[in-house]
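[1] show me how the following folds:
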Amino acid sequence: MLTPQQKKTLKSLASTSKLRYQIGKNDLTPSLILMLDKALVAHELIKIDVMKGCSLPIMEIALDIANDLNAELVHVIGRVIVLYRKNKNNPKIKI
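    Next comes the predicted model:
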């Protein structure tokens with residue numbers, strides 16, 4: 001569980017990140033979850049854009065992804081989800 005100060009730090013880091021992943025009309029597929037898992041291993045902090053064609057509510061998607069990936073939901077604003085998961089072998093972000 002992240003503290004409010006840690007979330008604030010992660011939001012700040014995410015705001016400067018240009019790397020984004022997209023969820024389209026196919027919603028959550030196993031291949032998408034696998035891709036996001038690899039992205040979390042590589043980057044620890046990721047931003048996900050939910051396209052308008054997606055049929056599920058954004059908060060439901062965010063919670064499902066965070067649960068599937070064992071990640072922390074940092075922030076949901078508009079159609080953007082920010083997730084964080086510490087890499088135990090090679091941490092890149094100090095919070």
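
[2] what about Lys7, how many neighbours?
    Lys7: 17 surrounding residues under other CB atoms under 10 Å. The C-beta positions use only the backbone N, C-alpha and C, and glycine is treated the same way.

[3] Ile61 now?
    Neighbourhood size, Ile61 [other CB under 10 Å]: 20.

[4] do the same with Leu19
    By other CB under 10 Å, neighbour count at Leu19 equals 11.

[5] the one 3 residues further on too?
    For Gln22, the neighbour count with other CB under 10 Å is 12.

[6] what helix or strand does it sit in?
    Applying DSSP states H and E as the criterion places Gln22 in strand 20-23.

[7] give me the helices and strands touching that strand, please.
    Helices and strands touching strand 20-23, by 3 or more CB pairs under 8 Å, 6 or more residues apart in numbering; DSSP states H and E, are helix 30-43, strand 45-50.

[8] can you give me the buried ones in the first one?
    This means helix 30-43. 32, 36-37, 39-40, 43 (16 or more other CB atoms under 10 Å).

[9] run the angle between that helix and strand 45-50 for me.
    Taking axes from the mean of the first three to the mean of the last three CA atoms, to 10 degrees, one finds helix 30-43 and strand 45-50 inclined to each other by 150 degrees.

[10] quick one: contacts of helix 30-43?
    19, 21, 23, 26, 46, 48, 65, 68-69, 71, 83-85, 87, 92 (CB atoms under 8 Å, 6 or more residues apart in numbering).

[11] where does this structure dip in pLDDT?
    Within the chain, no stretch has pLDDT under 70.

[12] who are the contact partners of the residue sitting nearest the centre point of it?
    By CA atoms, centre = their mean, the chain has its centre lying nearest to Leu83, at 2.7 Å. With contact taken as CB under 8 Å, 6+ apart, Leu83 is in contact with 36, 40, 45-46, 48, 62, 65-66, 69, 71-74.
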